[in-house]
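1. Fold the following for me, if possible:
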Amino acid sequence: MRDQIYLLLQPSDDPHWFENLLSMGSEKILPILSEIVMSQETPDPVRGRAVIALGHLRDTRATAVLIDALHSDNAVLRAWTVTALGRINEASPVIVEQLVERLTDADGYVRRSSAEALGKLGSVGALPDLEAMAKNDSNEVNRQIAASAIEKIKENA
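-> Sure, this is the predicted structure:
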C-alpha cells in the first residue's frame, strides 16, 4: 500500500489523485502519509502532497508530524504545512503557538498562510501578533491578510 500511496503523491496532472488516495481509507493512509512527511529522503514535492493530504484528513493525530515539517528549509513546504495545520481546525495551544511563530517567517508566503490559518481557527490569543503583522509586515498583501484574520477572529469571538 505504501508504494501505491507514494505513486499517487508523485507530481502529475491527475486531478483525481486526492480522491484516489482517500479511497484507500484514512485509517490506512494516515500512518503512511506521516512516514512519508517525516522522511528527509522523500523529495519535497512528494512530501508537500503528503502534507496537503494530511491537512485534508483533518485528523489531530497528524499534528506532531506537521509541526515537525514546519522546520523544513523549503518555504513552500512550510507554507503548505501551515495551511494543513489550519485545516485540522483545532486551535490547540501547540498549533496556535507554531502558527504564531510562522508570522515572522523569512518567507512572505509562509507568513500569509499562517495569518490565514490563525484567522480560520479563530485564535484570540494570536490577536497581538496578528496586529503586529498587520502594522509591520513588509508586504502589503500580508498586512491586509493579517487585518482580515483579525476581523474574522473578532467577529467569531
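2. For stretch 69-77, give the distance from the opening residue to the closing one.
-> In stretch 69-77, first residue to last residue: 8 Å (CA to CA, to the nearest Å).
3. In that stretch, which residues are buried?
-> Of all the residues in stretch 69-77, those buried under the rule 16 or more other CB atoms under 10 Å are Ala69, Leu70, Ser72, Leu77. (Glycine included, C-beta is placed from N, CA and C.)
4. Now the two most distant members of those residues.
-> Using CB to CB, those span at most 8.8 Å, a distance reached by Leu70 and Leu77.
5. Quick check, pLDDT for Trp17.
-> Note for Trp17: predicted pLDDT of 90.
6. right, and it touches Leu8 too?
-> Yes - counting by CB atoms under 8 Å, Trp17 touches Leu8, with 5.1 Å between them.
7. hmm, back to that, would you turn the buried residues of stretch 69-77 into JSON lines with distance to Glu90 and secondary structure?
-> Output for the buried residues of stretch 69-77, formatted as JSON lines (distance: CB to CB, whole Å; DSSP: H, G, I helix; E, B strand; the rest coil):
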{"residue": "Ala69", "distance to Glu90": "17", "secondary structure": "helix"}
{"residue": "Leu70", "distance to Glu90": "16", "secondary structure": "coil"}
{"residue": "Ser72", "distance to Glu90": "22", "secondary structure": "coil"}
{"residue": "Leu77", "distance to Glu90": "21", "secondary structure": "helix"}
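8. List the buried residues of the longest helix along the chain.
-> Using DSSP state H to define each element, the chain has its longest helix at helix 140-156. Residues of helix 140-156 classed as buried: Asn142, Arg143, Ile145, Ala146, Ala147, Ala149, Ile150, Lys152, Ile153 (neighbour count, 16+ other CB under 10 Å).
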